[in-house]
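**Student:** what follows is a predicted structure for the sequence shown.
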Amino acid sequence: MKVFILSLIGLLLQACSTSSETHIQQAELLSLLQSDQAPIIIDVRSSGEFNSGHIPHAQHIPFWQSFTSDALDNTDKQQDVILYCEHGPRAGFAKFAYSLAGFQNIRYLQGHMTSWRQAGFPMETK
């Protein structure tokens with residue numbers, strides 16, 4: 001149990017860091033979205049937040065459903081996965097869940113949705 005809690009705390013802290021190994025820059029993600037190499041993008045915020053504006057092509061899987069959702073069951077576990085929430089902590093919980101599910105290449109969006117919105121990058125609404 002102690003290892004579980006320490007692992008979870010580490011991922012939560014990592015979600016709020018700025019390392020290039022664990023994060024993708026907004027401009028890089030935008031470039032990938034405009035190419036044919038778009039990664040899997042998962043918005044882990046609430047439905048209200050997602051519906052008010054999200055990154056184009058993002059899948060909505062709230063962080064509390066990350067451990068139980070079957071939305072990615074048929075997905076290649078080697079694909080790049082980009083997680084974001086509003087500021088970082090919820091994405092940390094989701095990364096823990098997807099790591100346990102076998103996903104290997106998970107990164108966070110640098111600055112999460114707050115920075116994406118402030119930069120004026122494109123958003124979709126529902």
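**Tutor:** Structure's in. What do you need? Numbering: from 1, shown residues only.

**Student:** if the spatially most central residue of the chain is in a bridge, with which residues?
**Tutor:** Nearest residue to the geometric centre of the chain (Cα atoms, centre = their mean): Leu83, 0.5 Å. Beta-bridge pairing of Leu83 under DSSP bridges involves Ile42, Tyr108.

**Student:** where are the low-confidence patches of this protein?
**Tutor:** 1-20 (pLDDT under 70).

**Student:** repeat the analysis, applying 80 as the threshold.
**Tutor:** Along the chain, segments meeting pLDDT under 80 span 1-21.

**Student:** now do the helices in it.
**Tutor:** Counting by DSSP state H, the chain has helices at residues 2-15, 26-33, 47-52, 89-100, 112-118.

**Student:** mind listing what's buried along the second one?
**Tutor:** In terms of neighbour count (16 or more other Cβ atoms under 10 Å), helix 26-33 has its buried residues at 26, 29-30, 32-33. Any C-beta I mention is one placed from the backbone N, CA and C, and that applies to glycine too.

**Student:** mind listing what the residue nearest to the centre of the chain touches?
**Tutor:** By Cβ atoms under 8 Å, 6 or more residues apart in numbering, Leu83 lies in contact with 15, 42, 44, 91, 94-95, 98, 106-109.

**Student:** hmm, 10 Å instead?
**Tutor:** 15, 24, 40-44, 58, 61, 63, 66, 90-95, 97-98, 103, 106-109, 112 (Cβ atoms under 10 Å, 6 or more residues apart in numbering).

**Student:** having no further points to raise, I will conclude here.
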